[in-house]
Every structure is written in structure tokens, then in C-alpha cells.
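Student: Sequence and predicted structure, then a few things I'm wondering about:
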Amino acid sequence: MTDFRPSRFQVLPPVVKNIIIINVLMVLLQFVLGTRGIDLADYLGLHYFESHYFRSWQLLTHLFMHGSYNDLNGTFWHIFSNMFALWMFGSVLENVWGPKRFIIFYLVCGLGAALCHLGVLHFEYSSIEKAFHSYQENPNVANFDLFLKQHVPNDNQFAGRLWSFDQQWLQMPEATNGPSDSKLLISEYLYGGPLNKGIFDEPTVGASGAVFGVLFAFGYLFPNTLLYLYFLVPIKAKWIVAAYALFELYSGIRNSAGDNIAHFAHLGGMLFAFILLKIWGKTQRNQFY
């Protein structure tokens, strides 16, 4: 059995503490630079590798970014939920493993989550690019309308331009500028233009992938520990982890319009947590009471 005595337990061990401090400082820096017209997510958020904003270091730096400088409420809840979960479950793991093993685990889970997320983006964006190339061979109002219905959810401002143009073109199908303008609009939607970013340029930020890896490890190593849902209902850790995994899988497959959460990154963090635990041979179960 792993030696885990209350007298050795640190409520806020050093790695967890420093990760929380760095994340909070980065959020503050985001808001300070945002007031000066600089979006830190353009440099440190994770971008699709075909975006001209992509840099290799973003695979790790996105773990220390949260929310957006122009959304105070959303940013607060994003970082609070991640850091609370990191403290609640990560503190236990760091006390059991020690700082070195925990930081390796945390970063590997975060990196794995990023790779899984980029893989899913590539699958989705390749399909859109293929459809766009096909449309360019026969640009007409019927094909444009079909392209939007299949690939462009009407849930953001720039997509609204496409749908507005679609309605105008449907009302005037004989418009001669329709084919050329429609191709330009789709190109800007995907790759961006002089005054706007495309969907390839949208950054992904947050420690959720790594935190989901931490959550999985806790449930894997301490499956029968009771966690209290809404502080009232006792549920074993293994069932909460399983419920989270199933929910993320369902949400990722469903991929409903307006859902900007990287569900497969969360699953990627869990997957790499499982792989790393197996590599380390952590098959021994511990229990808390």
C-alpha cells in the first residue's frame, strides 16, 4: 500500500500551488494586455496547425490560459472550476506521488489532450476544406445553400454574413456576382481576411485537458472514495469519472451548434492519464475513508 498518512498531507502542495498562481497571473495579464488591444490568446492559445497563428509552444502554453479578456464572467468561472478541481484532486495525487511525478503527469496529460484536440480539428476542418474545393468547381446558389447547411452553424457574427448572403442570393439567383462573392466569403470564413479571423484561427485555452487527466487518475487510484455531489449525495469516485467520460464522449459526438467546449481534449487528457498510469505500473488501488 502507498504510505498515505494525514500527518504527511499538504493541503496545498508546491506544484499545485504554483500551477494555480501561474494561471491566475496569466488571467490578470490577459486582461491588462487586452485593454491595450493585445490578445494574449493569439500567441499562447492553442491554434489549429494550418492557422498562421500556430506556434509549437502553444501545445503547453494554452494550459495556463483561460477564457477571454472581453468576457470577465466566463473567464472567472472557467479558471475557478479548473483550479478548484486541480486543488481538490491534484493535491491528493501530488502528496502520494511527489512533485516531480505529478508535474510530469500533469504536463503529459495536457499535451496529450492538445494532440487529440488537434486531431479532431483536422478531421473536421479537412472535411470542410474538401467541401469548399468541391464547391469551387461548381459555385451556384443551390450548392452554396447546401454547403452552409452542412458545414456552417449560424451561431457567430461572421457565419451570419454567410447566411445573410445566402438569403439574398436565393431571392436573386440570377445575380452575376454570386459565385465569386460566395467563394470569397467562404474563404474568409475558413482562413480569415484582412479585418477578421477565420475559424482556423480560433484559439483553444484552458487547463481542462490536464485537469480531466488528474480527475481520471484520482478515480483510477482511489475508486471507492466517496465524493459528495452538491455536497449532499455520496457517490464513489469511479462512477463520477465514468459519468464525466460518457458525457464528454456524447457531447463531442453530438457537437451541437454553439458548443465551443473541446470535449475530445478532455477525453484526450483521460486517455493519456490512463496510458501513463499503465506505463508507471500504478495498478495498486488505495482507499480513503
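Tutor: Yes, it's here.
Student: Identify each buried residue in stretch 34-48, please.
Tutor: Buried residues in stretch 34-48, defined by neighbour count with 16 or more other C-beta atoms under 10 Å: 39-41, 43-48. Every residue, glycine included, has its C-beta placed from N, CA and C.
Student: looking at the protein, which residue lies furthest from center?
Tutor: Most distant residue from the mean C-alpha position of the chain: E174, 42.9 Å away (C-alpha atoms, centre = their mean).
Student: Just the pLDDT for that one.
Tutor: At E174, the pLDDT value in this model is 87.
Student: starting at the chain centroid, how far to the one helix or strand K278 maps to?
Tutor: According to DSSP states H and E, K278 maps onto helix 263-280. Taking the mean of its C-alpha atoms, helix 263-280 sits 14 Å from the chain's own mean (C-alpha atoms, centre = their mean, to the nearest Å).
Student: Mind listing what's buried along that helix?
Tutor: Neighbour-count burial for helix 263-280 [16+ other C-beta under 10 Å]: 263-274, 276-277.
Student: Sketch out the strands for the stretch 151-289 of the chain, chain order is fine.
Tutor: The residue ranges that make up the strands of the stretch 151-289 of the chain, judged by DSSP state E, counting those that start in this stretch, are 226-229, 233-236.
Student: And those strands, which one averages the lowest pLDDT?
Tutor: In terms of average pLDDT, strand 226-229 trails the rest of the strands of the stretch 151-289 of the chain, at a mean of 62.
Student: just checking, what packs against the helix or strand hosting E124?
Tutor: According to DSSP H and E, E124 maps onto helix 99-137. Packed against helix 99-137 by the contact rule (3 or more C-beta pairs under 8 Å, 6 or more residues apart in numbering; DSSP states H and E) you find helix 14-34, helix 58-61, helix 91-97, helix 141-151, helix 178-191, helix 208-221, helix 263-280.
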